[in-house]
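*Asks:* below are the sequence and a predicted model; questions follow.
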Amino acid sequence: MPKMKTHKGLKKRIKVTGTGKVLITGHHKNNKKMKKRSNKLHSLKKMQMVHKTHLSKVKKMLPKLGIK
C-alpha cells in the first residue's frame, strides 16, 4: 500500500490549534473588492474554523497533522 501524502496546498492554508481544531484563512477576498464592505473584508482576514462537513476531507488530505 502506498504512503499517505500530505496535500501541500492545503497545508499552507490551514493551522491546527493545540486542542486539535482546524482554522483556515478566509476566502472570496481577492476579487470584486469594491462591492464588499470594509468590515466584510476585514473579517475575511481572520482565520475561521473549518466546518464540520469539510473536516473529514481535511483529515484525509492531511494525515500527519494529528487532527482530532
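*Replies:* Noted; the coordinates are in hand.
*Asks:* what does stretch 61-68 rub up against?
*Replies:* Stretch 61-68 is contacted from outside by 4, 6-7, 10-11, 14, 16, 19-22, 55, 58-59, using C-beta atoms under 8 Å, 6 or more residues apart in numbering. C-beta here means a position set from N, CA and C on the backbone, and glycine is covered the same way.
*Asks:* rerun at 10 Å
*Replies:* 3-11, 14-17, 19-22, 50, 55-56, 58-59 (C-beta atoms under 10 Å, 6 or more residues apart in numbering).
*Asks:* out of those, list just those in helices.
*Replies:* Per DSSP state H, helices hold the following members of the contacts of stretch 61-68: Lys8, Gly9, Leu10, Lys11, Leu55, Ser56, Val58, Lys59.
*Asks:* how close does the fourth one sit to Thr19?
*Replies:* Computed with C-beta to C-beta, to the nearest Å, the distance linking Lys11 and Thr19 is 19 Å.
*Asks:* neighbour count for the two, which is higher?
*Replies:* For Lys11 versus Thr19, the count of surrounding residues by other C-beta atoms under 10 Å is larger for Lys11: 14 against 6.
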